[in-house]
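Participant: here is a sequence together with a model predicted from it:
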Amino acid sequence: MTLKNKALLYNFLCFAILFFVFRFFVLDYLYENRIVKSIVSALITMIIAPKFAVLKNNEGSRIVMKWLFSKSIKKL
């Protein structure tokens, strides 16, 4: 599995977990319409979810993570 595929998989897993948490637990009490719950959950998750990418430099390729709650870019 290449690093790009791993980064894509990490992005998907983080988005899916956070989306389901917001969709079923947090926003269950705020909105009654299912479509509105899904849209609001997706928007919140897009903002909050960590972003994974492949960084290429002289030493080689690495997966890095950028997150809203972290000021620095973390190397994985």
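Facilitator: Yep, it's here.
Participant: which strand or helix spans Ile44?
Facilitator: In this structure, Ile44 sits in helix 34-48 according to DSSP states H and E.
Participant: tell me the spacing between the spatially most central residue of the chain and Phe22.
Facilitator: Centroid check for the chain by C-alpha atoms, centre = their mean gives Ala49 as the closest residue, at 3.1 Å. Distance, Ala49 to Phe22, by C-beta to C-beta, to the nearest Å: 10 Å. Placement of C-beta: from N, CA and C, glycine included.
Participant: which strands or helices does the helix holding Ile44 pack on?
Facilitator: helix 3-21 (3 or more C-beta pairs under 8 Å, 6 or more residues apart in numbering; DSSP states H and E).
Participant: avg pLDDT for the helix it packs on?
Facilitator: In this model, helix 3-21 has an average pLDDT of 96.
Participant: re the thing from before, what's the helix holding Ile44 in contact with?
Facilitator: Helix 34-48 has contacts (C-beta atoms under 8 Å, 6 or more residues apart in numbering) with 15, 18-19, 22-23, 26-28, 30-31, 68.
Participant: in ChimeraX, how would I select just the buried ones from these?
Facilitator: ChimeraX command restricting the contacts of helix 34-48 to the buried ones, with burial defined by 16 or more other C-beta atoms under 10 Å:
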select :15,18,19,22,23,27
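Participant: how about JSON lines for the contacts of helix 34-48, with distance to Arg62 added?
Facilitator: Compiled in JSON lines, the contacts of helix 34-48 are given as follows (distance: C-beta to C-beta, whole Å):
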{"residue": "Phe15", "distance to Arg62": "21"}
{"residue": "Leu18", "distance to Arg62": "24"}
{"residue": "Phe19", "distance to Arg62": "27"}
{"residue": "Phe22", "distance to Arg62": "30"}
{"residue": "Arg23", "distance to Arg62": "32"}
{"residue": "Val26", "distance to Arg62": "33"}
{"residue": "Leu27", "distance to Arg62": "35"}
{"residue": "Asp28", "distance to Arg62": "39"}
{"residue": "Leu30", "distance to Arg62": "39"}
{"residue": "Tyr31", "distance to Arg62": "40"}
{"residue": "Leu68", "distance to Arg62": "21"}
